[in-house]
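Asker: Kindly return the folded structure for what I paste below:
(one chain, ligands or ions: 1)
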Amino acid sequence: MIKPLPYIEKIQPYIPGKPIKEVERELGIKRCYKLASNENPLGPSPRVVEAIKDFLSTPEELARYPEGSGYYLKDALCEAFEKRGIKLTHDEIILGNGSNELIDIAVKTYIGPGDEAIMAKPSFIVYSMSVTSQGGIPKEVSLKDWKHDLEGMLKEVTDRTKIIFISNPNNPTGTMNDKTEFATFMEALPENILVIMDEAYYEYVTSSEYPNSLDYFLKGRDILILRTFSKAYGLASLRIGYGIGRKDIVKDMNRIREPFNTNTIAQIAAEAALKDEIHLKKVIELNEQGKKYLYSELNKISNIAYLPTETNFIYIKLPQGKSSKDAFEFLIKEGVIVRPVGPEEIRVTIGLPEENEAFISAFNKFLK
Ligand SMILES: Cc1ncc(COP(=O)(O)O)c(C=O)c1O
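Answerer: Next up is the predicted model:
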C-alpha cells in the first residue's frame, strides 16, 4: 500500500468544525453565533455584491478560465497603494487563493528538505505545517511578553535558515511588534533570509507604532508582505489574498504558482471591495465598538486575563482549573462558537453587538 512521505505523516490534519446548521440541529438551538474564525460579521461591501451580480449576468463567462495574471485587480491594488504614496508595479504583486496559498508557494520556492524556517509559538499554525510539508524544519520560538521574541528568533538563525515568519499582528494573541523592535530586528538579520511579514489583520491595526513593512520592500530587502481580503474586506469564502515583494521574488514564486490560482469572481469581488473605502471604515468602526464593549465586560470578571488586541479577535486566559475544551463545549451549547487556542486559552472573534452580548452572557454562565 502506498505510504505518504515520512514528513507528511508528521502533520496533524486540520479538523474543520461542523457546519453551523448541523450544530444548531444537533443541539436543538435556534441561533448559533460563530466567533471562531475571525471573519467579518458585517460581510463585504454592497459594491462587491453588485459586481458579482453584474458578472453573473453573462453566465457564459463562467465557462472561461480566470484572467491568470489578475490584471485588473493588480491595477486596482496599484491605484490603492499610489493613493498612499507607494508606487507599485504588477510584477511586484502576487495574488493567491487566500494568503494561505501564498505562504505555501513561498515555502515551496525557498525551502527544501533540511532547510529551516523560524516562527513564533503560538502563531499561525500554517507556517510550520507548510514548512514540514516540504521536508523543512520549523523552529518555533516562544513569544516573549506575548509578542514575537524577535531577538530570540535571531538567535535561532543558522546557515540553513531560509525564511522567518512574522505574524504582525499575531494570531492567536492579537499582539504586535512595534516599529523600533522591527527596525532593530531587520538591521541584525542577514540579508539573504526571507522575512514573510504576514499582515492578515493590517486594516484593523490602530497603533501608531505599527511598523511600515513596505519601507523595507522599498529599500530592496528580502521581504514578502502578505495581506488578505478574507478579514476586513469580508471575502473569506472567495479565497483571495496578495503578496508584495521584489520583482525577482515574485518572479520566482510565479514559477510554481498554478496559472489560474485565483478565480474570476474572487478577483472581481476584491477589486470592488478595495474601491469601497466607506464600507471598510464601517467595518473598522464596528470592530472598535465591539472591542470597547468586550473590554469593559471582560474587565468586570476578576479571575480571567485578556490581551489588548490590534485585530478583530481577543485572546482570553481562563481562570485556573477551567479548560478551553470545557469552555468550548459549554459555549457551543449556549449558541456561541469560540476557538480553543491553548489548554486554558480561548480566542473569540469580535462580532456584531448581539453576538458579543451573547458571548459575554454565555461566558459569564460558564465561569459561574
Ligand atoms: C495570521 C494569518 N495569516 C493568514 C491567514 C490566512 O488568510 P487567508 O488564507 O484567508 O487569506 C490567516 C487566517 O486566519 C491568519 O490568521
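
Asker: chain center to stretch 41-57: distance?
Answerer: Remark: stretch 41-57 is offset 22 Å from the chain centroid, using CA atoms, centre = their mean, to the nearest Å.

Asker: Quick check: buried residues in it?
Answerer: Using 16 or more other CB atoms under 10 Å as the burial criterion, the residues of stretch 41-57 that qualify are 41, 42, 44, 45, 47, 48, 51, 52, 55. All C-beta spots, glycine's among them, are computed from the backbone N, C-alpha and C.

Asker: want to try a markdown table for those residues, with distance to residue 9 as columns?
Answerer: A markdown table is the format used below for those (distance: CB to CB, whole Å):
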| residue | distance to residue 9 |
| --- | --- |
| 41 | 38 |
| 42 | 41 |
| 44 | 39 |
| 45 | 43 |
| 47 | 46 |
| 48 | 41 |
| 51 | 43 |
| 52 | 41 |
| 55 | 42 |
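
Asker: Please list which of those residues are also close to the ligand.
Answerer: Restricting the buried residues of stretch 41-57 to those touching the ligand (CB under 6 Å from any ligand atom) yields no residues.

Asker: Would you tell me which residues of this structure are close to the ligand?
Answerer: Contacts of the chain with the ligand, taken as CB under 6 Å from any ligand atom, map to 38, 98-100, 124, 167, 171, 198, 200, 228, 230, 236, 241.

Asker: hang on, residue 290 in a strand?
Answerer: No. The secondary structure assignment for residue 290 gives helix rather than a strand, going by DSSP: H, G, I helix; E, B strand; the rest coil.

Asker: and it, how many neighbours?
Answerer: Close neighbours of residue 290, defined as other CB atoms under 10 Å, add up to 22.

Asker: residues contacting the residue lying closest to it once chain neighbours are set aside?
Answerer: With CB to CB, 6 or more residues apart in numbering as the criterion, residue 290 has its nearest non-adjacent residue at 4.0 Å, and that residue is residue 350. In this structure, residue 350 makes contact with 35, 41, 287, 290, 291, 294, 309, 312, 313, 314, 356, judged by CB atoms under 8 Å, 6 or more residues apart in numbering.

Asker: just the helices in the stretch 251-368 of the chain please.
Answerer: 264-275, 277-299, 324-333, 353-367 (DSSP state H, counting those that start in this stretch).

Asker: to the chain's geometric centre, what's the distance from the longest one?
Answerer: Spelled out, it's helix 277-299. Helix 277-299 has its average C-alpha position 18 Å from the chain's average C-alpha position, going by CA atoms, centre = their mean.

Asker: Could you tell me the angle between it and helix 264-275?
Answerer: 80 degrees (axes from the mean of the first three to the mean of the last three CA atoms, to 10 degrees).

Asker: Quick check, the residue in the protein closest to the ligand?
Answerer: Closest to the ligand within the chain is residue 98: 2.6 Å, counting by CB to the nearest ligand atom.

Asker: from memory that residue sits against residue 241, does it?
Answerer: Yes. The pair residue 98 and residue 241 passes the contact test of CB atoms under 8 Å, sitting 5.1 Å apart.

Asker: okay, these two: which has more neighbours?
Answerer: Ranked by neighbour count (other CB under 10 Å), residue 98 and residue 241 place residue 241 first, with 27 against 23.

Asker: ok, what's across the strand from the more buried one?
Answerer: Under the criterion DSSP bridges, residue 241 forms beta bridges with residue 96, residue 228.

Asker: Would you agree it is in contact with residue 94?
Answerer: No. Under the criterion of CB under 8 Å, residue 241 lies out of contact with residue 94, with a separation of 9.5 Å.

Asker: residues bridging contact with the two, i.e. touching both?
Answerer: In terms of CB under 8 Å, 6+ apart, residue 241 and residue 94 are both contacted by the residues residue 102.

Asker: So which of the residues of the chain next to the ligand wins on neighbours?
Answerer: Highest neighbour count within the residues of the chain next to the ligand: residue 198, with 30 neighbours (other CB under 10 Å).

Asker: pretty sure that one is in contact with residue 106, am I right?
Answerer: No. Contact between residue 198 and residue 106 fails when scored by CB under 8 Å: they sit 10.4 Å apart.

Asker: Where in the protein is the helix or strand with the lowest mean pLDDT?
Answerer: Of all helical and strand segments in the chain, the minimum by mean pLDDT, DSSP states H and E falls on helix 20-27, at a mean of 91.

Asker: still on that earlier bit, could you dump the helices of the stretch 251-368 of the chain to TSV with mean pLDDT?
Answerer: Output for those, formatted as TSV (pLDDT from 0 to 100):
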stretch	mean pLDDT
helix 264-275	98
helix 277-299	98
helix 324-333	97
helix 353-367	98
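
Asker: Outline the domain layout of the protein.
Answerer: With domains defined by automatic domain parsing, the chain comprises 6-43+278-367, 46-276.

Asker: chain center to the longest one: distance?
Answerer: Right, the one you point to is domain 46-276. How far domain 46-276 lies from its chain's middle: 9 Å, per CA atoms, centre = their mean.

Asker: For the spatially most central residue of the chain, give me its contacts.
Answerer: Using CA atoms, centre = their mean, the residue of the chain that lies closest to the mean C-alpha position is residue 200, 3.8 Å off. Remark: with contacts taken as CB under 8 Å, 6+ apart, residue 200 is in contact with 99, 124, 167, 171, 226, 227, 228, 230, 231, 241.
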